[in-house]
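Asker: generate coordinates for the sequence data below:
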Amino acid sequence: EFGDYADGPFDVDTLDGSVKSNFEKYSALVVGTPTWNTGSDTERSGTGWDEIYYSSMQELNIQGKKVAVFGLGDQVSYAENYADAAGELHDVFETLGGQMCGYTSQDGYEHEASKSVRGDKFCGLLCDMVNQEELTEERVKNWVAQLRAEGFLEGGTAAAATTTTTIAAQEEPQAVFEAIEEHSDMLDETIKAHAGSTGYTPYHNPTTKSTMWVSGDGRSCYYTTDVQSSYSP
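Answerer: Predicted structure coming up:
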């Protein structure tokens, strides 16, 4: 979804021994994991992340680097531990000084509990390919649009890492916000109408003067060029 502005994907299992050089050369990271060691307090992913969390990753200098997390899980079979590993992934990067981005609503999910909840939101994008596969594509598109609106790709290069991948952007031209600007003529009245009935959350990009409004269930979004403070989702 980041197109030509990203490198990768890369397999985290291949990064041991080059973790520092790979993560530090990008200004932003998208990292993801499944959950296999359900219920464990630490090392919950069952992947190469568990091998580097508290060893080679502790040497990283990523203070202020933008980081977004996504996770995979089964919210029905593991309703009390839905995508728990994404929470640990988030916390490791946050503790190292990462600027965490891309938090999403829990609306539309059927889980009972998750170690990936921070406040009243998920610490990133959670996808359930077992029970809600039909929602994944739209959730991913809306999440990427949200990250762009949050200014995720501003500041140089960007990277994304999953249990099997890492993506990194080559440049940071203003063209990265074209997806937002294409919709910038949408009427504020439209946003106001939707916000009042379904609970839309604004994500403002001061660089482009654009705001993306994302629905509570993450399935739709709208754009404005001039958000008025009186429009409260």
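
Asker: check contacts around residue 37.
Answerer: Neighbour list for residue 37: 43, 44, 45, 46, 50, 85 [criterion: Cβ atoms under 8 Å, 6 or more residues apart in numbering]. The C-beta positions use only the backbone N, C-alpha and C, and glycine is treated the same way.

Asker: tell me how many other residues crowd the fourth one.
Answerer: Spelled out, it's residue 46. Look at residue 46: counted by other Cβ atoms under 10 Å, it has 16 neighbours.

Asker: and the spatially closest residue to it that is not a sequence neighbour, its phi and psi?
Answerer: Closest residue to residue 46 in three dimensions, ignoring its sequence neighbours and counting by Cβ to Cβ, 6 or more residues apart in numbering: residue 36, at 2.7 Å. Torsion angles at residue 36 (phi, psi; degrees, to the nearest 10) stand at phi -120, psi -40.

Asker: now residue 11
Answerer: phi -90, psi 120.

Asker: ok, it to residue 34 distance?
Answerer: Using Cβ to Cβ, to the nearest Å, one gets 13 Å for the distance from residue 11 to residue 34.

Asker: can you pick out the residue with more neighbours from those two?
Answerer: residue 34 (21 against 15).

Asker: so which helix or strand of the protein has the lowest pLDDT on average?
Answerer: Scoring the helices and strands of the chain by mean pLDDT, DSSP states H and E places helix 178-181 at the bottom, with a mean of 36.

Asker: can you show me the strands along this structure?
Answerer: 28-33, 66-72, 99-101, 104-105, 117-118, 121-122, 125-127, 158-161, 166-169, 201-205, 210-214, 221-224 (DSSP state E).

Asker: how about the helices in the protein?
Answerer: Ranges of helices within the chain are 19-24, 49-52, 84-95, 133-149, 178-181, 188-198, based on DSSP state H.

Asker: quick one on the thing from earlier: of the strands of the chain, which shows the lowest average pLDDT?
Answerer: Per-stretch mean pLDDT for the strands of the chain is lowest at strand 166-169 (a mean of 38).

Asker: contacts only, for the closest residue to residue 121 other than its chain neighbours.
Answerer: Closest residue in space to residue 121, ignoring its immediate chain neighbours: residue 103 at 4.3 Å, by Cβ to Cβ, 6+ apart. By Cβ under 8 Å, 6+ apart, the contact list for residue 103 reads 118, 119, 121, 122, 123, 124.

Asker: from residue 6, how far off is residue 103?
Answerer: Residue 103 is 21 Å from residue 6, by Cβ to Cβ.
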